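Peer 1: Structure, please.
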Amino acid sequence: MINFFRKIRQKLLSENPPNGRAGKFSKYILYAVGEIVLVVLGILIALQINNWNEFNKDRKQERKVLTELLTSLEHNYNRMIFDSINRSNWKKSSEVIINHLEKKGKYSDTLNKHFQDARKPGTNLSLSYAGYEGLKNVGYNIIISDTLRKNIIELFELTYKDLLEEMEYFESFQPDRQSHIDRLFSYEHKTFDPNNPFNVPLIPNDYESLTNDPIYLPMIISVTVQRSIISVMLHHNLKETAKVIELINDKLKQ
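Peer 2: Model (predicted):
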């Protein structure tokens, strides 16, 4: 393109030759100015091409980062759905045990499974941060959309963080709870299932003592309340995760 402009300039100079010494000087000046213009034009074109290449490179990197983020978010969403279902079942078991003990009901071995599930706090949620760590390594500004970038950061740095911190706080009570469980119950070890290792039913060592124990029932009520708090927060996390997934999918379709 620069050669094209140079040929036009040379043609114009040859078609309009200046006369005399002044004309020759004007010719040199015109030639020099033309060379400067062509150099500047060449630099501007080169910068524009470089900027365009860098922009395309960044958009490819952005797409890669968003695809990895989407994988992490879909994992988190599915994991939270699975945990929500578990919490719903554990809540039912808590209600069975609480109602049975408050009414001084008689022991039945059908309660053993509920004894196990009722005491589960549901504080072991595992979320994937792999895609988010990839974004941090590349740099947040690789995401060109301010709205999308803001929602991703808030989800991982605030929404997820609040949920996991609350779970960690409730988990801190777990050692004391476990010691009470070990004192009051034995495990129905013959029913152990390797595919479901955390659902071994609990058998009361002495059901009469259990119904009069001053710690057990309040502990189950406390676990139930804490689990309900986590469930509310989990519902909010699911909603926010779904929103960011939708935003990323819309961006990847562009």
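Peer 1: Tell me which helix or strand residue 62 sits in.
Peer 2: helix 20-102 (DSSP states H and E).
Peer 1: got a list of contacts for the helix or strand following that helix?
Peer 2: Note on helix 20-102: by DSSP H and E, the next helix or strand toward the C-terminus is helix 112-118. Helix 112-118 is contacted from outside by 89-90, 92-94, 96-98, 185, 188, 199-204, 220, 223-224, using CB atoms under 8 Å, 6 or more residues apart in numbering. C-beta coordinates here come from the backbone N, C-alpha and C atoms, glycine included.
Peer 1: try stretch 82-91
Peer 2: 117-118, 120, 122, 125, 224, 227-228, 230-231, 234-235, 238.
Peer 1: Could you rerun that using 6 Å?
Peer 2: 117, 120, 122, 125, 227, 231, 234 (CB atoms under 6 Å, 6 or more residues apart in numbering).
Peer 1: Might you specify the subset of the residues you listed located within helices?
Peer 2: 117, 227, 231, 234 (DSSP state H).
Peer 1: How confident was the prediction at residue 5?
Peer 2: Note on residue 5: pLDDT of 47.
Peer 1: Grab the nearest non-local neighbour of residue 183.
Peer 2: Leaving aside its sequence neighbours, residue 183 sits nearest to residue 205 (CB to CB, 6 or more residues apart in numbering; 7.9 Å).
Peer 1: Then residue 220?
Peer 2: Going by CB to CB, 6+ apart, residue 220 has residue 118 as its nearest residue, at 5.3 Å.
Peer 1: neighbours around the one you found, how many?
Peer 2: By the criterion of other CB atoms under 10 Å, residue 118 has 27 neighbours.
Peer 1: how much space between it and residue 224?
Peer 2: Noted for residue 118: a distance of 8 Å to residue 224, by CB to CB, to the nearest Å.
Peer 1: okay, and the common contacts of those two?
Peer 2: Joint contacts of residue 118 and residue 224 (CB under 6 Å, 6+ apart) are residue 94.
Peer 1: Give me the distance between the residue nearest to residue 183 and residue 181.
Peer 2: In terms of CB to CB, residue 205 sits 11 Å off from residue 181.
Peer 1: Tell me which of the two has more neighbours.
Peer 2: Between residue 205 and residue 181, counting by other CB under 10 Å, residue 181 is the more crowded of the two (16 against 12).
Peer 1: can you map out the helices along the stretch 151-254 of the chain?
Peer 2: Applying DSSP state H, counting those that start in this stretch to the stretch 151-254 of the chain gives helices spanning 160-171, 174-184, 207-211, 216-253.
Peer 1: Cool, thanks, talk later.
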